[in-house]
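**Student:** Build the 3D model from these lines:
(2 chains)
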Amino acid sequence: MARKLSMKQAVNEAIDQEMTRDPSVIMMGEDIVGGAGCEGEMDAWGGVLGVTKGLYAKHGDRLLDTPLSESAYVGAAIGAAACGMRPIAELMFIDFMGVCFDQIYNQAAKFRYMFGGKAETPVVIRAMVGAGFRAAAQHSQMLTPLFTHIPGLKVVCPSTPYDTKGLLIQSIRDNDPVIFCEHKNLYAMEGEVPEGSYAIPLGEANVVREGKHCSIVTYGLMVHRALDAAATLAKEGIEVEIVDLRTLSPLDMDTVLDSVTKTGHLVCVDEASPRCNIGTDIAAQVCMQAFGALKAQIEQVSPPHTPVPFSPTLEDLYIPSAAQVADAVRRTLKGGKH
Amino acid sequence: MAAITPIIMPKWGLSMKEGTVNDWLVEVGTQITVGMPILDVETDKIANAVEAPDAGFLRRKVATVGEVLPVKALLGVLADKEVGDAEIDAYIASFVVPSADADDAADAAPAYLYVEVDGLRIRYARRGKAEGTPVLFIHGFGGDLDNWLFNIDAIGEKHPVIALDLPGHGQSAVQLPGTRLPALADFVGRFMSVIDVQQAHLVGHSVGGAIAAQVALVQPQRVASLSLIDSAGFGPDINTGYTEGFTKAVSRRELKPVLELLFKDPALVSRQMVDDVLKYKRLDGVTELLTSLNEGLFKDGQQVAQPGLALAGTGKPVLMVWGKDDQIVPAAHAANAPPGATVELFDGVGHMAQMERAGDVNRLILRHIGD
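**Tutor:** Residues are numbered from 1 along each chain as shown, chains lettered A, B, ... in the order given. Below you'll find the model as predicted:
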């Protein structure tokens, strides 16, 4: 498996292969083809960062450039899903979810339940998440916890090109609405990706590093910060185990509990704002389900409870660093107070 | 001058670049015989013992436990007692790890090749000596050519070696030429034609052993000898709990205990091994393919065909190697070896004898096919 793709190419290939396999897969979004109403080159844009470039040439009008109205096209995608299509809606930045939230949490998430299983909503809403892009407070948020809060939605946030392709293919095939979160600072990351189609089940965490001293539970970009921290700590004789959640809803607590039972120490790392985020939920569930396994306090690494700053210097300080993760591991292993 | 023999980081498998020193198994000053396990090394795929390449005394441990070192790095020094400490110091000081650029042509060649056979894209590796009758490695149900990671290069030092991913396995096309042994054996014969190999020493593991035996029955001209490891095709019994569990498992949590059945020591099943198998199993069509292969090869908990029982008529030299603790195909089937076969059973070894006891298995194969 020598072929390498960037995460951006992995997204493109997953959509391409599923559109080829299943004629009911369609795509809607802003500028995903050439920009609405534009003249000339129809494939000029391919999305705000070029993720869908080349798909129009292969699949034609199954990709639809929409007006700048998230509430309209996300609603249209959800309606099309309820009527038998498998739409993928691209919402440039997850920060724009606010204007189409009723369609998502009150409609898409509820159809299966309220219609007694007679309606399904196989829609995927893709959006970029995360800070570090110098894109200021309205284009940099990690809003994953907003969606895990809502029963009926599935929430995915991959950390590698391999996982991105397999999880996106599974999300498209899934019969429930999936919020697919792509970290913009991982788009350029390269990794080995098989050429054939494959699906990774939703709700299965991945142990990306094994260790016996402390568990780090995280997802998305923070997986790589945790790996950097683990490399530093290994030099001190500390072997951490890193659980990449991959899917945030449903949540693979079995893998988390197995790991914490083994190590007795837990550090939750989440790029989302610190109150009621994925990390605090993991910490709460571990306390409730495996308190006896804990040898010391749980540590949490998250950004401060502020909007993402526009100043590059401040933004870099805002995002949790490998050094902060390593410090948190040392603190719980010491068992002392902060 | 008395000889100094370096113990170096081995290259296990085509993708190995470095290994971690897990543990020294002998102390400095111990008298060493050829093939004696000296230290444990772990790669991202598996842990195994590094064996003594020569006899002598372990004079120096150069690598420390926990150290990560590149392939061919100096791990330790063997020498006679007469060799002075100063001479050993000088040897260590002047030892240069061959860099990746300085690798020989075999290492610089692409690790994997692809060929189309009857419309199916097949991945294979071709390494080792240029001249001589090649040795063809055939893996088993759900396996791939990496099952031979401890064997390919060791046998390759004396013979040309070829290992393939059977159709529907590894990184070959997700498609089968048929689900029964005759179809699979015909395909192996076609593969040999396409890559222009008239005859080979066949080394088969598990179902790959049954395929090799079937090739010997129907295309005897293609087979110089058979080396069969924990082989199917020599009796009715098969642990279908394994084959079905392997087919059905979709997550790490489900797959790991199934893979642990393969080895006597379940700790050999690494995170990477489970990951690699999951990556294969997640490919579109693989689950359906394994399900149909299961139905073609096994019925009512038994092996459908036993070509091994007819091998006596072929007159081919046969080596049978088996782990006594094989939980997939019982070692008792070794009793059905053809007359004149060399049969070796290993204590404390499971279904993966070629990995669990790689050094011994390599020596047996080399002795069997002639080095």
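
**Student:** What distance do you get for residue B:61 to chain A?
**Tutor:** Distance, residue B:61 to chain A, by CB to the nearest CB, to the nearest Å: 20 Å. From N, CA and C alone the C-beta is placed, and that goes for glycine too.

**Student:** neighbours around that residue, how many?
**Tutor:** Applying other CB atoms under 10 Å in any protein chain shown, we find 18 residues neighbouring residue B:61.

**Student:** Wait, it touches residue B:24, no?
**Tutor:** Yes: taking CB atoms under 8 Å as the definition, residue B:61 is a contact partner of residue B:24 at 5.7 Å.

**Student:** anything in contact with each of these two?
**Tutor:** Shared contacts of residue B:61 and residue B:24 (CB atoms under 8 Å, 6 or more residues apart in numbering or on different chains): B:39, B:76.

**Student:** Assumed residue A:207 was part of a strand.
**Tutor:** Yes: with DSSP: H, G, I helix; E, B strand; the rest coil as the criterion, residue A:207 is part of a strand.

**Student:** need the contact list for the residue most central in space within chain A.
**Tutor:** Centroid-nearest residue in chain A: residue A:157, 1.6 Å away (criterion: CA atoms, centre = their mean). For residue A:157, the contacting residues are A:129, A:144, A:181, A:182, A:183, A:219, A:220, A:245, A:246, A:247, A:248, by CB under 8 Å, 6+ apart.

**Student:** what's the closest non-adjacent residue to it?
**Tutor:** Excluding its sequence neighbours, the residue lying closest to residue A:157 (CB to CB, 6 or more residues apart in numbering or on different chains) is residue A:181, at 4.1 Å.

**Student:** Are we agreed that residue B:244 is in a helix?
**Tutor:** Yes: counting by three-state DSSP, residue B:244 is located in a helix.

**Student:** Relative to residue A:80, how far out is residue A:62?
**Tutor:** 11 Å (CB to CB, to the nearest Å).

**Student:** so where's the chain shaky on pLDDT?
**Tutor:** No chain specified, so I'll use chain A. In the predicted model of chain A, residues A:1-2, A:35-44, A:336-338 satisfy pLDDT under 70.

**Student:** Sorry, I should have been clearer: chain B.
**Tutor:** In chain B (pLDDT under 70), the answer is B:1-2, B:99-110.

**Student:** Select the longest helix from it.
**Tutor:** helix B:181-194 (DSSP state H).

**Student:** Counting neighbours, what do you get for the spatially closest residue to residue B:251 that is not a sequence neighbour?
**Tutor:** Nearest residue to residue B:251, sequence neighbours excluded (CB to CB, 6+ apart): residue A:204, at 5.1 Å. Residue A:204: 21 surrounding residues under other CB under 10 Å.

**Student:** Next, residue A:204: secondary structure please.
**Tutor:** Secondary structure state of residue A:204, per three-state DSSP, is coil.

**Student:** Looks like it contacts residue B:254 (just checking).
**Tutor:** No: with contact defined as CB under 8 Å, residue A:204 does not count as touching residue B:254 (10.0 Å).

**Student:** and the longest helix of chain B, what does it pack onto?
**Tutor:** Counting contacts by 3 or more CB pairs under 8 Å, 6 or more residues apart in numbering or on different chains; DSSP states H and E, helix B:181-194 packs against strand B:113-117, strand B:135-138, helix B:207-218.

**Student:** again, only this time at 6 Å
**Tutor:** For helix B:181-194, the elements it packs on are strand B:113-117, helix B:207-218, judged by 3 or more CB pairs under 6 Å, 6 or more residues apart in numbering or on different chains; DSSP states H and E.

**Student:** continuing past the longest one, what's the next helix or strand?
**Tutor:** This means helix B:207-218. Remark: after helix B:207-218, the chain's next helix or strand is strand B:223-229, criterion DSSP states H and E.

**Student:** Name the residues that touch stretch B:41-57?
**Tutor:** Residues outside stretch B:41-57 that contact it (CB atoms under 6 Å, 6 or more residues apart in numbering or on different chains) are B:5, B:10, B:12, B:16, B:19-20, B:22, B:31-40, B:78-81, B:268, B:270, B:272-273, B:359.

**Student:** Please point out which parts of the strand or helix carrying the residue nearest to residue A:157 sit buried.
**Tutor:** Following DSSP H and E, one finds residue A:181 within strand A:178-183. Neighbour-count burial for strand A:178-183 flags A:178, A:179, A:180, A:181, A:182, A:183 (criterion: 16 or more other CB atoms under 10 Å in any protein chain shown).

**Student:** partners of the next helix or strand after it, with directions?
**Tutor:** Sequence-wise, the next helix or strand downstream of strand A:178-183 (DSSP H and E) is strand A:190-192. Paired strands of strand A:190-192, with direction, are strand A:4-6 (antiparallel) (DSSP bridges).

**Student:** Tell me how far the partner strand lies from the chain's centre.
**Tutor:** From the chain centre to the centre of strand A:4-6 is a distance of 18 Å (CA atoms, centre = their mean, to the nearest Å).

**Student:** Quick one: residues in contact with it.
**Tutor:** The contact list for strand A:4-6 (CB under 6 Å, 6+ apart) reads A:161, A:188, A:190, A:192, A:193.

**Student:** The same query, at a cut-off of 8 Å, please.
**Tutor:** Contacting residues not belonging to strand A:4-6 are listed as A:13, A:161, A:165, A:187, A:188, A:189, A:190, A:191, A:192, A:193 [CB under 8 Å, 6+ apart].

**Student:** Dump the residues you listed to TSV, plus distance to residue B:143 and neighbour count.
**Tutor:** Shown next, in TSV, are the contacts of strand A:4-6 (distance: CB to CB, whole Å; neighbours: other CB atoms under 10 Å in any protein chain shown):
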residue	distance to residue B:143	neighbour count
A:13	27	20
A:161	26	24
A:165	24	28
A:187	36	20
A:188	35	11
A:189	31	18
A:190	29	14
A:191	24	17
A:192	20	13
A:193	23	24
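
**Student:** Closest one to residue A:115 out of these, please.
**Tutor:** residue A:165 (32.0 Å; CB to CB).

**Student:** so the closest one sits in a helix?
**Tutor:** Yes: assessed with three-state DSSP, residue A:165 lies in a helix.

**Student:** For the closest residue to residue A:110 other than its chain neighbours, give me its contacts.
**Tutor:** Counting by CB to CB, 6+ apart, residue A:110 lies nearest to residue A:152, which is 5.9 Å off, once chain neighbours are set aside. Counting by CB under 8 Å, 6+ apart, residue A:152 makes contact with A:108, A:109, A:110, A:112, A:113, A:176, A:177.

**Student:** Now flag whichever of these is closest to chain B.
**Tutor:** Set against chain B, the nearest of those by CB to the nearest CB is residue A:176 (17.8 Å).

**Student:** neighbours around that closest one, how many?
**Tutor:** 19.

**Student:** for it, what are its contacts?
**Tutor:** Counting by CB under 8 Å, 6+ apart, residue A:176 touches A:112, A:120, A:121, A:122, A:152, A:153, A:154.

**Student:** Likewise for residue B:311?
**Tutor:** B:213, B:216, B:217, B:226, B:318, B:338, B:341.

**Student:** for it, helix, strand, or coil?
**Tutor:** In three-state terms, and counting by three-state DSSP, residue B:311 is helix.

**Student:** could the contacts of strand A:4-6 be laid out in CSV, adding distance to residue A:211?
**Tutor:** Formatted as CSV, these follow (distance: CB to CB, whole Å):
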residue, distance to residue A:211
A:13, 33
A:161, 24
A:165, 27
A:187, 29
A:188, 28
A:189, 23
A:190, 25
A:191, 22
A:192, 23
A:193, 26
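
**Student:** Between which two of the residues you listed is the distance greatest?
**Tutor:** The span of those, defined through CB to CB, is set by A:187 and A:192 at 16.8 Å.
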